[in-house]
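Participant: Pasting a predicted model and its sequence here:
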Amino acid sequence: MSACVLHLPDDVLLCILRFCRAQDLAALSSTCHHFHCLIADELLWKHLCCRDFRISQQGLGPVDSYRKLYSNLLYKYGSMLGVYQSQIGPCGGLLEIRYKDGILEGVQWEPSSEENVMAPLKESIVFTINGDKVPTEFLCMPHIHPHPCTFKIDKPRVYQQAQTPPLQSRGILTQHCSDSETHLQAIWSDCGLDALGGFELGPRKPQLIYLNEVIGNGLVHRPLILPTPSEIPVSLRAKDGSIPNQIITPGLFQGTYGSHGLEIILFRYKDENEIHGYKVTGDANVYASKVTVKILLKYPVRPSEEEQRSLAALKSIEPTMSDIPVCQIAEHSFKPPDAIHRDTNTRLPSKSKARYHGFGQIAYVWFQRHKFTPVQVVVFDNDLLGVLWLELQCFNLYSRIKKKFTSNIIDAYRSAV
């Protein structure tokens with residue numbers, strides 16, 4: 001039978017080989033000289049790089065050998081590609097591991113402004129993995145003050161427990177810095193600050209303090225699976241399957257949090273009744289990964305313009321369940337209360353698609369005495385919403401982060417939030 005296969009034209013054999021796993025190709029390559037030569041085809045390995053790691057052909061960039069790229073870098077470390085939440089004390093962090101020109105880059109994304117929720121995120125390359133070096137080169141802070149680091153990688157694996165369905169490992173990465181003192185000096189230098197002098201870092205200061213504590217013991221990055229529009233419950237959609245203007249597509253937003261500055265929030269649907277916002281980055285009061293706001297879709301509210309002007313009037317509106325489908329909620333005017341604190345200078349729209357009762361989480365420092373307090377959530381459009389904190393007498397604005405991030409290789413991972 002094998003002799004019959006060998007009589008097939010090479011272009012046909014190469015088409016068949018494109019459907020094989022890399023492990024199978026490696027085994028097949030040792031069977032005979034003919035297969036050894038066929039499997040050395042660079043276009044075959046270029047196809048495998050794109051297929052197995054979701055990299056476009058244009059995105060592969062200049063590469064000397066696709067087979068070497070696959071075996072030395074992607075096969076060993078390609079499972080790391082995707083988005084993560086870095087466990088930096090209560091502050092957290094948003095990390096993207098992406099492929100670029102033969103190297104894996106770890107990019108930390110942060111708000112670039114303390115007030116403007118519309119501003120794009122700022123990127124900092126915090127590590128690189130270069131499989132072209134022997135042994136593989138892992139570098140911390142490569143563009144500021146490069147120094148070595150290592151990774152413990154919980155690669156995907158399926159295991160079976162008695163009377164339970166198959167489970168998958170969490171895909172957690174632990175980054176160990178080999179020179180924590182140099183690492184911290186590089187961070188201070190990047191901020192333009194002298195670590196020995198007096199300074200004020202504002203909202204970024206706590207994150208650097210906690211990073212100081214974790215970098216020596218190992219910085220943990222947990223997979224963060226970003227939701228897609230398909231996760232919106234069918235019952236909330238219009239009859240034609242479209243998404244109503246009165247709700248939002250789940251995803252990443254950045255929002256204002258007073259003296260804490262901007263923080264990154266992940267909104268996802270709990271069910272057809274609620275949307276929850278989870279903190280990807282947090283602060284010393286409400287930690288990263290905690291729920292910051294709950295939107296109650298069954299409890300819409302439509303205050304008059306006069307009621308909107310008075311915080312006391314808004315507080316007096318009792319939540320009432322409605323059977324009206326969200327797609328039938330009418331657009332109405334929006335006026336912020338007169339005696340309210342706003343954390344942004346962004347001009348607010350005069351119309352809103354919908355307004356809902358909800359709850360927001362507040363806490364004393366170190367997440368002490370935390371509780372949920374009544375809020376009203378205003379949906380301006382799919383990319384912009386506001387949260388009116390009735391007890392705190394403040395208004396926070398949340399704007400969608402529109403950047404496209406690298407998809408996690410294994411979608412079955414359980415998300416960090």
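Facilitator: That came through fine.

Participant: roughly how far apart are residue 246 and residue 332?
Facilitator: 11 Å (C-beta to C-beta, to the nearest Å). To be clear about C-beta, it is placed using only N, CA and C from the backbone, and glycine gets the same treatment.

Participant: neighbour count winner among these two?
Facilitator: residue 246 (22 against 15; other C-beta atoms under 10 Å).

Participant: And for stretch 54-70, what's in contact with it?
Facilitator: Under the contact criterion C-beta atoms under 8 Å, 6 or more residues apart in numbering, stretch 54-70 has outside partners 22, 40, 42-43, 45-46, 48-50, 52, 81, 99-102, 131-132, 407, 409.

Participant: Which among the residues you listed count as buried?
Facilitator: Buried members of those, scored by 16 or more other C-beta atoms under 10 Å, are 22, 45-46, 48-50, 52, 81, 99, 102, 131, 409.

Participant: would CSV of those with distance to residue 181 be doable?
Facilitator: Compiled in CSV, those are given as follows (distance: C-beta to C-beta, whole Å):
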residue, distance to residue 181
22, 40
45, 41
46, 42
48, 41
49, 38
50, 41
52, 39
81, 30
99, 30
102, 30
131, 28
409, 34
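
Participant: What is the nearest of these to residue 15?
Facilitator: Nearest to residue 15 out of the buried ones among the contacts of stretch 54-70 is residue 48 (C-beta to C-beta; 13.5 Å).

Participant: Is residue 206 in a helix, a strand, or coil?
Facilitator: With DSSP: H, G, I helix; E, B strand; the rest coil as the basis, residue 206 sits in helix.

Participant: thinking residue 357 is in contact with residue 321, fair?
Facilitator: No - contact between residue 357 and residue 321 fails when scored by C-beta atoms under 8 Å: they sit 9.7 Å apart.

Participant: what touches both of the two?
Facilitator: The contact lists of residue 357 and residue 321 share residue 299, where a contact means C-beta under 8 Å, 6+ apart.

Participant: Neighbour count for these two, which is higher?
Facilitator: Legend: neighbour count by other C-beta under 10 Å for residue 357 and residue 321, higher for residue 357 (22 against 10).

Participant: just checking, residue 39 touches residue 30?
Facilitator: No - applying C-beta under 8 Å, one finds residue 39 not in contact with residue 30, separated by 9.5 Å.

Participant: The two - which one has more neighbours?
Facilitator: Each of residue 39 and residue 30 has its neighbours counted (other C-beta under 10 Å); residue 39 has more, 23 against 9.

Participant: count of residues packed around the residue nearest to the more buried one when sequence neighbours are not counted?
Facilitator: Of all residues not flanking residue 39 in the chain, residue 29 sits nearest, at 4.3 Å (C-beta to C-beta, 6 or more residues apart in numbering). A count of nearby residues for residue 29, using other C-beta under 10 Å, gives 16.

Participant: any idea which strand is longest in this protein?
Facilitator: Taking DSSP state E as the assignment, the strand of the chain that covers the most residues is strand 368-381.

Participant: List the buried residues for the next helix or strand after it?
Facilitator: Downstream of strand 368-381, the first helix or strand assigned by DSSP states H and E is strand 384-389. Buried residues in strand 384-389, counted by 16+ other C-beta under 10 Å: 384-389.

Participant: again with stretch 214-222
Facilitator: In stretch 214-222, the ones that count as buried by 16+ other C-beta under 10 Å are 214-215, 219-222.

Participant: Just the ones in helices from those, please.
Facilitator: Cross-referencing the buried residues of stretch 214-222 against helices under DSSP state H gives residue 214.

Participant: Looking at the buried residues of stretch 214-222, which two lie furthest apart in space?
Facilitator: 215 and 222 (16.5 Å).

Participant: quick one on the thing from earlier: and the contacts of stretch 54-70, which of them are in strands?
Facilitator: Judged by DSSP E, strands contain the following of the contacts of stretch 54-70: 99-100.

Participant: mind showing which ranges of this structure have poor pLDDT?
Facilitator: The chain contains residues with pLDDT under 70 at 1-3, 155-170, 190-204, 412-413.

Participant: Pop the domain breakdown of it in here.
Facilitator: The chain is divided into the following domains under automatic domain parsing: 2-77, 81-223, 229-400.

Participant: Please convert those domains to TSV, extending it with distance to residue 414.
Facilitator: TSV is the format used below for the domains of the chain (distance: least, C-beta to C-beta, whole Å):
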stretch	distance to residue 414
domain 2-77	20
domain 81-223	6
domain 229-400	13
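
Participant: Go through those domains and name the closest to residue 416.
Facilitator: Of all the domains of the chain, domain 81-223 comes closest under C-beta to C-beta, at 3.8 Å.

Participant: would you list every one of the strands in the stretch 101-250 of the chain?
Facilitator: Along the stretch 101-250 of the chain, counting by DSSP state E, counting those that start in this stretch, strands occupy 103-111, 121-130, 137-140, 147-153, 158-159, 167-168, 173-177, 219-223.

Participant: list the helices and strands the second one packs on?
Facilitator: For strand 121-130, the packing partners by 3 or more C-beta pairs under 8 Å, 6 or more residues apart in numbering; DSSP states H and E come out as strand 103-111, strand 137-140.

Participant: Is it possible to get CSV of the ones you listed that adds distance to residue 124 and mean neighbour count?
Facilitator: Shown next, in CSV, are the helices and strands packed on strand 121-130 (distance: least, C-beta to C-beta, whole Å; neighbours: other C-beta atoms under 10 Å):
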stretch, distance to residue 124, mean neighbour count
strand 103-111, 5, 21
strand 137-140, 12, 21
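
Participant: Many thanks, I have nothing further to ask.
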